[in-house]
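K.L.:
coords please:
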Amino acid sequence: MTEQYLPNNINEEMDAATLELVSYDFRQIQSFVPTGTTATIQGMKLPMPSMLKRIAWCGVLGPGVGESVALRLYRIRPVTNPAGFGYIQLNDVFTINAASFPGAGVELDFSDRIRPGLCVLPGEYLACSWVHSGPQQMQPLNMNWSFVPAGVSSETEPPPTTTNDADVLGT
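P.N.:
Residues are numbered from 1 along each chain as shown. Model (predicted):
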């Protein structure tokens, strides 16, 4: 066999941006998202600082007239971090309502709402937060996300966007 037919390298180049570290499909509730603010907490098993790369949601039954659910994902920075405890919102709020419902079982990616330059550190937690108003017709709701390794950065820790538990987790 002549050398011209041999590939230079049969392995893909190592590209950290394409390496998915962890992905979740998440909303552990039997049926409806309760009215008001609720959240669930998810421990992150990340070997290195990581950035949110993708965030999406899917539902089956569409929202009723006047019903909406605002989706937010927070990094929970522990008090042991030198910058102190805080909630850091990783995405701009995305609201599901009749206008944004893509159809039964259709996943809607809203990764364009990811806030740039924010990462999650090993051992931290995420709070997946929902603010529901109106009737409870939309069900079930699934929110999912993916993380990739963060680039090397010398930026300082961002300030928390809120430290009020009720704003993130509900009452």
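K.L.:
Pro159 contacts Tyr87, correct?
P.N.:
No. Because the distance of 10.6 Å does not satisfy C-beta atoms under 8 Å, Pro159 is recorded as not touching Tyr87. In short, each C-beta sits where N, CA and C put it, glycine included.
K.L.:
looking at these two, which is more packed in?
P.N.:
A direct count of neighbours by other C-beta atoms under 10 Å for Pro159 and Tyr87 places Tyr87 higher, at 22 against 10.
K.L.:
which residues of this protein fall in helices?
P.N.:
165-169 (DSSP state H).
K.L.:
ranges for the strands of it?
P.N.:
Under the criterion DSSP state E, the chain contains strands at 22-26, 36-43, 50-61, 68-77, 86-89, 94-96, 107-109, 125-133, 139-149.
K.L.:
tell me what the last one is packed against?
P.N.:
For strand 139-149, the contact count by 3 or more C-beta pairs under 8 Å, 6 or more residues apart in numbering; DSSP states H and E identifies strand 22-26, strand 50-61, strand 68-77, strand 125-133 as packing neighbours.
K.L.:
nearest to Ile114, out of those strands?
P.N.:
strand 50-61 (5.2 Å; C-beta to C-beta).
K.L.:
restricting to C-alpha, output the closest one in CSV.
P.N.:
These are the backbone C-alpha positions of strand 50-61, laid out as CSV (Å, rounded to 0.1, in the frame of the first residue of the first chain):
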residue,chain,number,x,y,z
SER,A,50,-16.9,23.5,33.7
MET,A,51,-19.2,25.7,31.7
LEU,A,52,-22.9,25.3,30.7
LYS,A,53,-22.9,24.5,27.0
ARG,A,54,-26.6,23.5,26.4
ILE,A,55,-29.9,24.0,28.1
ALA,A,56,-33.3,22.9,26.9
TRP,A,57,-36.8,21.8,28.0
CYS,A,58,-39.5,19.5,26.8
GLY,A,59,-43.2,19.1,27.8
VAL,A,60,-46.2,17.1,26.7
LEU,A,61,-49.3,19.0,27.5
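K.L.:
contact partners for Thr95?
P.N.:
Contacts of Thr95 were listed using C-beta atoms under 8 Å, 6 or more residues apart in numbering, and they are 68-71.
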